[in-house]
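Enquirer: I would like the atomic coordinates for the input below:
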Amino acid sequence: MTSFTYRKRLTIEWGQCDPAGIVFNSRFFEMFDASTWQMLEAALGVRPHELASTFGIMGIPLVDVRANFIKAVKFGDIIDMTSRVSEFRHSSFDVEHRVSVDGELAVEGGETRVWASRSKDDPEKIGGTAIPGEVIAKFGGS
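Expert: Predicted structure coming up:
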């Protein structure tokens with residue numbers, strides 16, 4: 001469990017919606033991804049395209065994503081989105097996302113990502129590597 005929470009407010013645009021004016025479900029996964037990268041930048045002070053060189057990794061690939069759609073989100077709605085790392089493990093971490101409209105939870109979702117690097121023995125192989133303590137500390141974890 002970490003204490004750092006990233007928050008942002010967005011207005012739903014027509015291009016995010018189906019013909020009925022309701023946000024197309026897959027758009028939430030795009031919002032989750034964008035929010036994760038923005039959260040990492042805010043917590044670590046490193047721009048997303050600099051994470052690899054700063055931490056000696058090849059990236060943080062997404063290995064699982066999920067969502068629970070509770071209430072329809074519509075064209076013109078102003079949403080409040082919060083994202084936080086809910087758990088760090090040795091080489092992976094979970095991100096929790098919550099989308100609210102007028103203070104009411106509309107969508108909750110999550111991602112699992114891996115702190116990944118190339119194998120020293122075979123650069124064609126990619127695998128998880130230990131998440132540095134300094135990274136975990138920036139999120140308020142231990």
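Enquirer: ok, the residue minimising distance to the centre of the chain - contacts?
Expert: The centre of the chain sits closest to Thr36, judged by C-alpha atoms, centre = their mean, with a distance of 2.6 Å. Residues in contact with Thr36, defined by C-beta atoms under 8 Å, 6 or more residues apart in numbering, are 83, 95, 97, 111, 113. Every residue, glycine included, has its C-beta placed from N, CA and C.
Enquirer: I'd say the third one and Asp33 touch.
Expert: It refers to His97. No - if you go by C-beta atoms under 8 Å, His97 and Asp33 don't touch, sitting 9.7 Å apart.
Enquirer: the two: which is more packed in?
Expert: Taking neighbours as other C-beta atoms under 10 Å, His97 and Asp33 compare with His97 leading, 25 against 16.
Enquirer: in the helix or strand encompassing the more buried one, which residues are buried?
Expert: For His97, the host element (DSSP states H and E) is strand 92-101. Buried residues in strand 92-101, counting neighbours by 16 or more other C-beta atoms under 10 Å, are found at 92-93, 95-101.
Enquirer: okay, the residues you listed in JSON lines with pLDDT and distance to Thr5 next?
Expert: Listed next are the buried residues of strand 92-101 as JSON lines, based on pLDDT from 0 to 100; distance: C-beta to C-beta, whole Å:
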{"residue": "Ser92", "pLDDT": "97", "distance to Thr5": "20"}
{"residue": "Phe93", "pLDDT": "97", "distance to Thr5": "15"}
{"residue": "Val95", "pLDDT": "98", "distance to Thr5": "11"}
{"residue": "Glu96", "pLDDT": "98", "distance to Thr5": "9"}
{"residue": "His97", "pLDDT": "98", "distance to Thr5": "11"}
{"residue": "Arg98", "pLDDT": "98", "distance to Thr5": "10"}
{"residue": "Val99", "pLDDT": "98", "distance to Thr5": "14"}
{"residue": "Ser100", "pLDDT": "98", "distance to Thr5": "13"}
{"residue": "Val101", "pLDDT": "98", "distance to Thr5": "18"}
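Enquirer: what is the nearest of those to Gly21?
Expert: Val101 (13.6 Å; C-beta to C-beta).
Enquirer: was I right about that closest one contacting Phe75?
Expert: No - in this structure Val101 lies outside contact range of Phe75 using C-beta under 8 Å: 12.0 Å.
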